[in-house]
Structure formats: C-alpha cells, structure tokens
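Trainee: Fold the stuff below for me.
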Amino acid sequence: MRLNHRAGNPGYASVILLAAVLFTFACAADTTQDQQTANSEAPTPEAASNENAADALYSIECGQVNDAGEPFCYVDGDTYIGWRTFHGFCHVCHAQDAVGSTFAPNLLDLMNDMDMALFVERVSEGFTGQVGVMPPWKDNPNVRKRYKELYAYLSARASGTLPPGRPKKKPKSN
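Mentor: The predicted structure follows:
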C-alpha cells in the first residue's frame, strides 16, 4: 500500500485524524482487569477536600550534581510517583514538565489557583476549557489512585520548587 503524504491529499489527512482519535480513546480506555478492586482504593473528591492542608505536599532537595556535572533534585516518594504518573498519562497532552501544548493548557499556570478538591474533581470528571477538552480519568485506576501524588508533583512544579526534568527519588534513610 502506498500513501501519498502531500498536504493536499485528503486521504492522508483522514488517516492522521483517525489515528489521533483512536489514540485519544485508547489512552482514556481502562486497560486493567482489576477495576472493581481499584474503585475501592480510589480517593474521592470529598476525601481529597478533607486532606490536612498543614501537611507538606512534597519534600524536595535540589543542588546535587551527578557525575556528568548536571544538577538534579531529590524528591519524596509521593512526588516521584506523581512525576511517573504524569509522564505515563498526562504528558501526552500537557507536554513534558506540564508546560502545555497547542491543545492542552500549561498546568503550572493553573495549579497555583487550584486546591486539591478542585484538582481531583477536574481530573476525575474531566474538564472543558478554553484550550480543549480533558477526558475524565476516574475509570482508569492507574490515574485514579494517584490523585494525591499527581497534585504534589504539579504543585511542586507550579511553585518553582521543582525544576523541569526527571527528579530522583530520595534514598531511604537508615
């Protein structure tokens, strides 16, 4: 099969559009078989609003330098899991380091005005904004059970405490 990839070829554009639509639905689809078990583990928006605001969301230690002379930061376990979850599911639309794309907003701008309850509601139920439409993630247990960790990672990035790039998980102290 030969595909003509000239800009004027409507067949090529249709293939690209179809691929984008299928990718979007595939990302939003629940691919795990243990959804019922995960439902009982998932925090609800109501539970998220009961989080103790005095508890630290994240712990970050920057200023370390690796063998190549590149700086990096250590983060607590929850923030690291938040980074992994974000880069497993969210960065496809919101871009690496949550800085936004042409079809999804910069989350660093939004996080400073968003408490945990609103964050959980928007991630869980989806959101239609000025830039685009975010699908609901409540049916994906891999995201649903990580709301707190995602919120910690994005809050650290939004506050400027955590610079862009891959953080390192703090070594366990003895």
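
Trainee: My guess is residue 146 contacts residue 79. True?
Mentor: No. With contacts defined as Cβ atoms under 8 Å, residue 146 does not count as touching residue 79, sitting 11.4 Å away. To be clear about C-beta, it is placed using only N, CA and C from the backbone, and glycine gets the same treatment.

Trainee: who's more crowded, the two?
Mentor: Between residue 146 and residue 79, residue 79 has the larger neighbour count (other Cβ atoms under 10 Å), namely 29 against 25.

Trainee: Correct me if wrong, but that one is in a helix.
Mentor: Yes. Counting by DSSP: H, G, I helix; E, B strand; the rest coil, residue 79 is found in a helix.

Trainee: Give me the nearest residue to it, chain neighbours excluded.
Mentor: Nearest non-adjacent residue to residue 79, counting by Cβ to Cβ, 6 or more residues apart in numbering: residue 58, 4.3 Å away.

Trainee: Quick one: residues contacting that neighbour.
Mentor: Taking Cβ atoms under 8 Å, 6 or more residues apart in numbering, we find residue 58 in contact with 75-76, 78-79, 152-153, 155-156, 161-162.

Trainee: what's the answer for residue 63, then?
Mentor: By Cβ under 8 Å, 6+ apart, residue 63 lies in contact with 71, 73.

Trainee: and it, which of the three is it?
Mentor: strand.

Trainee: Next one, pLDDT for it please.
Mentor: According to the prediction, residue 63 has pLDDT 89.

Trainee: Touching the helix or strand hosting residue 82 from outside, list them.
Mentor: Element membership for residue 82, per DSSP states H and E: helix 77-85. Residues from elsewhere that reach helix 77-85 (Cβ under 8 Å, 6+ apart): 57-60, 75, 142-143, 146, 148-154, 156, 162, 166-170.

Trainee: Need the buried ones from those residues selected in PyMOL.
Mentor: PyMOL command restricting the contacts of helix 77-85 to the buried ones, with burial defined by 16 or more other Cβ atoms under 10 Å:
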select buried, resi 57+58+60+75+143+146+148+149+150+151+152+153+154+156+162+167+170
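
Trainee: follow-up on the earlier one: helix or strand right after the helix holding residue 82?
Mentor: helix 91-94.
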